[in-house]
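Colleague: From the sequence below, what's the structure:
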Amino acid sequence: MELLFVALGGAILGVAAHFAFHYRHLRGVAVVPAIGTAVASLVWVGLTWLGWAWDGGWIWVVSLVAAGIASAASAYLIGPGRERADAALFERLSRPGSGRA
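Modeller: Here you go, the predicted model:
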């Protein structure tokens, strides 16, 4: 049950990161929340395998901070990277007959 709650917390942090950073029109609305959910869940499971108590406070802090950092980093990096890739593709496709496929 706690894994469900930590996954929900990661998704909420992902939604917040999606709307906090620019270029949200260049990434899908579910990409950053999915990353936050996955990171929170993986960190939680990893820490429980290491023997951290599921009812302790530090497992929650570490899992949600890791999810927040991963969500913010992905929201910050995906948008500009997508913009550069789209511009490069547009330049390549707008020159017909250049001999490149």
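
Colleague: State the pLDDT value of residue 20.
Modeller: On the pLDDT scale, residue 20 is placed at 95.

Colleague: Kindly report the same for residue 99.
Modeller: For residue 99, the predicted pLDDT is 54.

Colleague: got it, and residue 23?
Modeller: So, for residue 23, pLDDT stands at 89.

Colleague: Report the separation between it and residue 80.
Modeller: 6 Å (CB to CB, to the nearest Å). Glycine gets a C-beta too; all of them are placed from N, C-alpha and C.

Colleague: Likewise for residue 46?
Modeller: 30 Å.

Colleague: Just the buried residues of the lengthiest helix in the chain, please?
Modeller: The residue-count maximum for a helix in the chain (DSSP state H) belongs to helix 57-93. The neighbour-count check on helix 57-93 (16 or more other CB atoms under 10 Å) flags 59-60, 62-64, 66-68, 70-72, 74-76, 78-79 as buried.

Colleague: Would you enumerate the residues in contact with residue 41?
Modeller: 3, 6, 7, 10 (CB atoms under 8 Å, 6 or more residues apart in numbering).

Colleague: Quick check, the last one in contact with residue 36.
Modeller: Yes - here residue 10 lies in contact with residue 36, judged by CB atoms under 8 Å, at a distance of 4.1 Å.
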